[in-house]
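[1] Turn this into a model:
(one chain, ligands or ions: 2)
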Amino acid sequence: MTKQNLVEIRGLKKWFPVQKGFIERLVTRQRQFVHAVDGVNFEIRRGEVFGLAGESGSGKTTTGRLILRLVESTEGDIFFDGIDLTTLDGEGMRRMRQRMQVIFQDPFASMNPRMKTGNAIGHSLEIFDIARGEENRRRVLDMMERVGLTPASTLYDKYPHQLSGGQRQRAIIARALMLHPDLVVADEPIANVDVSVRALLLELMVQLKQDFNLTYLFITHDLATAKYICDRIAIMYLGLICEMGTLEQVYRNPQHPYTQALLAAVPVPNPHARRTAPLPKGEIPSPINPPSGCRFHPRCPIAEKICSQEIPPLQPLPGNEEHQVACHLV
Ligand SMILES: Nc1ncnc2c1ncn2[C@@H]1O[C@H](COP(=O)(O)OP(=O)(O)O)[C@@H](O)[C@H]1O
Ligand SMILES: [Mg+2]
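    Ligands and ions are numbered 1, 2, ... in the order given. Modelled structure (predicted):
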């Protein structure tokens, strides 16, 4: 593992067993699995924003949760700062979690409704026995100022339902930063807030990244959002990465037909510009029995015979190590 990588993921898989009814279990003996993440490799470099994008159900959230070990992997390795997380015991992982924090999509679901905002933000400092009482309060107020939760002393005593959506998300961000983590996994952090505050929250995240020396794993289904904040990006489809590269490489020169389709579907701000293209025909196939070969082939406009037969490996483009594509026809 090279020093520049904060996170390295190797051959990561998560298969969820499918829950079956009693009768079904009697009739079919074979256990079925949701192939949520099905053999994923990537690195997150120190100080970068690494984006994970793709339609809903492609395995983005599961990948994020695997890195934090909120779910256990079926197979594969997760290195964080050179340490294989899959080898850590409960206490080891507990200490490691101080260095990796998560911002979930839904600020309501991730805040205790009966805890005052200030107490929620400062809670981790108590859990890890870092600061209590006045010192805790002082640090929380300071962080609230930095994330724009002002006037901090007033908002400190408010309950989550008394805050606006944007304020709640700022509180979640503040809470995530209290332990000065190295990595922040942000899972659709602006998807549930009002359109008018999305840009402000993104700006805030960029600012905080500089102020606190953070590295982000930024998960989104929205390529327009990803474009604003990411340095590099991986496009996921049905549990696999189909294209990965710098923002410039992937947005200016997309190689995989799925990436091309996703980018064509991004709304353009100019109302006179061409109508946005629809996503390719058909629905996303079930991750329980993913298509053979390239998972995208049933929806792919240029698929050939080999595409249904062999899984295309994620490979660098000739003369370009950074830009990787998993397509037989590239
Ligand atoms: N705890 C779970 N049990 C069973 N299936 C799950 C579980 N979590 C996610 N899945 C399934 O795994 C697939 C990927 O889900 P997810 O990682 O949430 O995708 P995304 O974040 O890209 O929308 C989906 O088909 C989803 O239904
Ligand atoms: Mg998700």
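
[2] only C-alpha atoms for contact and neighbour calcs from this point on.
    Fine.

[3] for residue 250, what are its contacts?
    Shown in contact with residue 250 (CA atoms under 8 Å, 6 or more residues apart in numbering): 233, 243, 244, 259, 323.

[4] Would you tell me which residues of the stretch 51-200 of the chain are close to ligand 1?
    Within the stretch 51-200 of the chain, the residues that sit near ligand 1 (CA under 6 Å from any ligand atom) are 56, 57, 58, 59, 60, 61, 62.

[5] Ranking by neighbours, what's the top pick from these?
    Neighbour count (other CA atoms under 10 Å) singles out residue 60 as the most crowded of these, with 29 neighbours.

[6] I figured it was touching residue 234, is that so?
    No: between residue 60 and residue 234 there is no contact under CA atoms under 8 Å: 10.0 Å.

[7] Need the overlap of contacts for the two.
    With CA under 8 Å, 6+ apart, residue 60 and residue 234 have common neighbours 52, 53.

[8] Now residue 134: phi and psi?
    phi -60, psi -40 (degrees, to the nearest 10).

[9] distance of it from residue 121?
    14 Å (CA to CA, to the nearest Å).

[10] what's the answer for residue 317, then?
    45 Å.

[11] More neighbours: which of those two?
    residue 121 (27 against 14).

[12] Are we agreed that the more buried one is in a helix?
    Yes: Residue 121 forms part of a helix when assessed by DSSP: H, G, I helix; E, B strand; the rest coil.

[13] got the contact list for the nearest residue to it once chain neighbours are set aside?
    Among residues not flanking residue 121 along the chain, residue 175 sits closest, at 4.2 Å (CA to CA, 6 or more residues apart in numbering). By CA under 8 Å, 6+ apart, the contact set of residue 175 is 120, 121, 122, 124.

[14] Helix or strand next in line after whichever helix or strand residue 175 is part of, which one?
    Using DSSP states H and E, residue 175 falls within helix 165-177. Using DSSP H and E, the next helix or strand after helix 165-177 towards the C-terminus is strand 183-187.

[15] Residue 50 pairs with what?
    residue 217, residue 232 (DSSP bridges).

[16] number of nearby residues for it?
    As a burial measure, residue 50 scores 27 neighbours (other CA under 10 Å).

[17] what ranges do the helices span in the protein?
    Along the chain, counting by DSSP state H, helices occupy 22-27, 60-67, 90-97, 117-127, 133-146, 152-155, 165-177, 195-212, 223-229, 247-252, 257-264.

[18] hey, least reliable of those helices by pLDDT?
    Lowest mean pLDDT within the helices of the chain: helix 22-27, a mean of 70.

[19] OK, contacts around the closest residue to ligand 1 within the stretch 151-300 of the chain?
    Residue nearest to ligand 1 within the stretch 151-300 of the chain: residue 287 (5.6 Å; CA to the nearest ligand atom). Contacts for residue 287 (CA under 8 Å, 6+ apart) come out as 34, 35, 36, 238, 239.

[20] how about 10 Å then?
    15, 33-38, 57-59, 237-239, 295 (CA atoms under 10 Å, 6 or more residues apart in numbering).

[21] now swap in residue 5 and tell me
    Neighbour list for residue 5: 42, 43, 44, 45, 46, 47, 48, 79, 80, 81, 82 [criterion: CA under 10 Å, 6+ apart].

[22] quick check, nearest of those to ligand 1?
    Ranked by distance to ligand 1 (CA to the nearest ligand atom), the contacts of residue 5 are led by residue 42 at 16.1 Å.

[23] Determine the number of other residues adjacent to the residue nearest to residue 67 when sequence neighbours are not counted.
    Leaving aside its chain neighbours, residue 67 sits nearest to residue 78 (6.5 Å; criterion: CA to CA, 6+ apart). Residues lying near residue 78 (other CA under 10 Å) number 26.

[24] got a pLDDT number for residue 78?
    97.

[25] correct me, but it touches residue 64?
    No: taking CA atoms under 10 Å as the definition, residue 78 is not a contact partner of residue 64, at 11.1 Å.

[26] gap between residue 65 and residue 122?
    Counting by CA to CA - residue 65 and residue 122 are separated by 23 Å.

[27] so which two of the contacts of residue 250 are the farthest from each other?
    Using CA to CA, the two most remote members of the contacts of residue 250 are 259 and 323, lying 12.8 Å apart.

[28] Check the contact lists of these two and give me the overlap.
    Both residue 259 and residue 323 are contacted by 234, 243, 244, 250, 253, under the criterion CA under 10 Å, 6+ apart.

[29] mind putting those in JSON lines, distance to ligand 1 included?
    As requested, the shared contacts of residue 259 and residue 323 are arranged in JSON lines below (distance: CA to the nearest ligand atom, whole Å):
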{"residue": "234", "distance to ligand 1": "12"}
{"residue": "243", "distance to ligand 1": "15"}
{"residue": "244", "distance to ligand 1": "16"}
{"residue": "250", "distance to ligand 1": "19"}
{"residue": "253", "distance to ligand 1": "23"}
